[in-house]
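J.: Please work out how this folds:
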Amino acid sequence: MTTATDIVLLKNSVIALLRSHAVQRIQFVAESVKINHQLYSEMARLVEAGRIQIDVDPRLADEKVGGRYHATANPRSLTLWTAQLATSRDKGIVVHELTHAALDSLALTQRRGLHVTENESIAFIASQVYLRHVHGRALPSNSPRPFLVADAIASKIVAAGPHLYYLTQEDIRSIRNAIGQHPHYRKIRGHVYTSGGIP
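T.: Numbers count the residues shown, from 1 in each chain. Reported below is the predicted structural model:
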């Protein structure tokens, strides 16, 4: 059973992760959207202020989901399958889900619209960049295709060092196709992600 103390400790762990060196080094541009340290610092501030709440639901593990960002909740929330960020995989899930939050905060649908596959692509790439900074190695070759494609792109971003990497059209096409063809995302391919900003 998750206690109120567990949630406070988890919230503090999420904030520390967002402010960590590995997360603060994530930077790239995809589909005219810049992902960088400023966005993750803002997410840390929103979590700290309670505008993004943190919750735990172990049943997510049964769905083979490590976490879920709720873009329609008010306040916004991040639900994780565990109350402890014990592994780099758990931390990568937080980076993935709070990249969705960062995109939500930009209110992109008010400017240009962002398809679900674009949104997922950016989140997959960000989490793989984080993991590359932590481990410095490629994923095993038997990993699911969206992870492998995101990791290949992440390797280019990390190799760019302090220079901002702009995803090429080939990068974008390959990651969108990998995600759009995955059974979990196939049903929502082509849908526009609704993002009105974080109140």
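J.: Pull out the buried positions in stretch 175-182.
T.: Going by neighbour count (16 or more other Cβ atoms under 10 Å), the buried part of stretch 175-182 is 175-180, 182. All C-beta spots, glycine's among them, are computed from the backbone N, C-alpha and C.
J.: before we move on, what about stretch 93-109?
T.: Result for stretch 93-109 [16+ other Cβ under 10 Å]: buried residues 93-106, 108-109.
J.: Repeat that for stretch 126-138.
T.: 126-133.
J.: do stretch 148-156 as well
T.: 148-155.
J.: closest to A83 among the residues you listed?
T.: Each of the buried residues of stretch 148-156 was scored against A83 by Cβ to Cβ, and A150 proved nearest at 26.5 Å.
J.: That closest one looks like it's in a strand, true?
T.: No: counting by DSSP: H, G, I helix; E, B strand; the rest coil, one finds A150 to be helix, located in no strand.
J.: from what I can see it touches S121, true?
T.: Yes: taking contacts as Cβ atoms under 8 Å, A150 lies within contact range of S121: 7.4 Å.
J.: what do those two both touch?
T.: I175 (Cβ atoms under 8 Å, 6 or more residues apart in numbering).
J.: what separates E42 from L18, distance-wise?
T.: Distance from E42 to L18, counting by Cβ to Cβ, to the nearest Å: 9 Å.
J.: didn't Q128 look like it was pressed against D151?
T.: Yes: the criterion here is Cβ under 8 Å, and Q128 meets it with D151 at 4.6 Å.
J.: just checking, what packs against the helix or strand in which I175 is found?
T.: Here I175 is covered by helix 169-180, with elements defined by DSSP states H and E. Counting contacts by 3 or more Cβ pairs under 8 Å, 6 or more residues apart in numbering; DSSP states H and E, helix 169-180 packs against helix 116-135, helix 145-159.
J.: so which of these comes closest to M1?
T.: Once the helices and strands packed on helix 169-180 are compared by Cβ to Cβ, helix 116-135 is nearest, at 28.5 Å.
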